[in-house]
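>>> Show me the folded form of this:
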Amino acid sequence: MRSKLIAEALGTFILVFAGTAAICANGSSNAVTLVGIALTFGLAVMAVIYALGNISGAHLNPAVTIGFALAKRFPLANVVPYVAAQLAGAFAASALVRFLFPDHPNLGSTLPTIPLLQTFVLEVVLTFILMFVILRVACGSKEQGLMAGIAVGGVIAIEVLAAGTLSGASMNPARSLAPAVVSGTFNPLWVYLTAPVVGAGLAVPVWHLLGGDGCDPRSPAAP
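Numbering: from 1, shown residues only. Have a look, this model is predicted:
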């Protein structure tokens with residue numbers, strides 16, 4: 001279990017550090033652009049899935065961990081340790097970003113440009129899509145293999161491109177909580193803590209309706 005928690009903390013650190021550092025760098029020069037930020041998030045997730053997916057599943061996201069548990073593909077007793085590890089990695093990343101960008105006002109926090117109700121609905125939909133794709137391409141509770149890395153990283157990049165300038169395209173409570181707390185940017189935080197969990201939960205019955213995943217039951221990663 002220790003290696004899984006270390007992998008979750010490290011993977012979430014890589015995701016939050018790479019993505020929010022790209023946002024902060026873009027705020028200084030506008031050279032990264034939305035496309036660059038979207039690719040940074042997507043490629044970071046893809047790389048972590050390839051590197052750590054066979055250890056912890058590379059959830060990197062409390063909503064994803066909760067979604068796997070609701071789908072009965074992840075032990076309920078492991079949810080709290082996984083979420084704690086993800087938060088630890090996210091906070092370590094935001095602390096490093098604060099050191100590197102001491103004058104940045106929000107350290108890449110997710111901030112909406114549309115009303116909060118629309119932001120909530122959009123984050124629910126974005127996380128629903130992400131969780132549904134993950135459930136379909138992952139085997140058991142593990143995001144691993146060629147398809148999972150490309151599919152999950154690609155969905156994240158697409159959703160940041162589509163909604164990054166609207167809701168911030170968080171889809172991940174850990175990714176939003178850490179920079180918000182470290183920078184003191186709390187105003188819309190409740191949206192980003194609740195909407196992804198709702199979206200991930202809604203994806204589970206749809207996944208069931210379409211027959212679950214295509215895991216080989218002989219696979220050691222199968223549920």
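
>>> State the helix or strand in which Phe74 lies.
Element membership of Phe74 [criterion: DSSP states H and E] is none; it lies in no helix or strand.

>>> meant to ask about Thr65
Using DSSP H and E, the secondary-structure element containing Thr65 is helix 62-70.

>>> Packing partners of that helix?
For helix 62-70, the helices and strands in contact under the criterion 3 or more CB pairs under 8 Å, 6 or more residues apart in numbering; DSSP states H and E are helix 79-100, helix 116-137, helix 173-183, helix 189-209. Using the backbone N, CA and C atoms, a C-beta is placed for each residue, glycine as well.

>>> and the helix or strand of the chain with the lowest mean pLDDT, what does it pack onto?
Of all the helices and strands that make up the chain, helix 146-163 has the lowest average by mean pLDDT, DSSP states H and E, namely a mean of 91. Using 3+ CB pairs under 8 Å, 6+ apart as the contact test, the elements touching helix 146-163 are helix 33-56, helix 116-137.

>>> would you list these in a markdown table and tack on mean neighbour count and mean pLDDT?
Converted to a markdown table, those look like this (neighbours: other CB atoms under 10 Å; pLDDT from 0 to 100):
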| stretch | mean neighbour count | mean pLDDT |
| --- | --- | --- |
| helix 33-56 | 20 | 93 |
| helix 116-137 | 21 | 96 |
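
>>> how about those in a markdown table, adding distance to Gly201?
What follows is the helices and strands packed on helix 146-163, written out as a markdown table (distance: least, CB to CB, whole Å):
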| stretch | distance to Gly201 |
| --- | --- |
| helix 33-56 | 21 |
| helix 116-137 | 8 |
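
>>> right, so of these, which gets closest to Val97?
helix 33-56 (12.9 Å; CB to CB).

>>> for the helices and strands packed on helix 62-70, which one ends up most surrounded?
Of all the helices and strands packed on helix 62-70, helix 173-183 has the most neighbours on average by mean count of other CB atoms under 10 Å, namely a mean of 25.

>>> Which elements pack onto it?
Using 3+ CB pairs under 8 Å, 6+ apart as the contact criterion, the neighbours of helix 173-183 among helices and strands are helix 2-29, helix 62-70, helix 79-100, helix 189-209.
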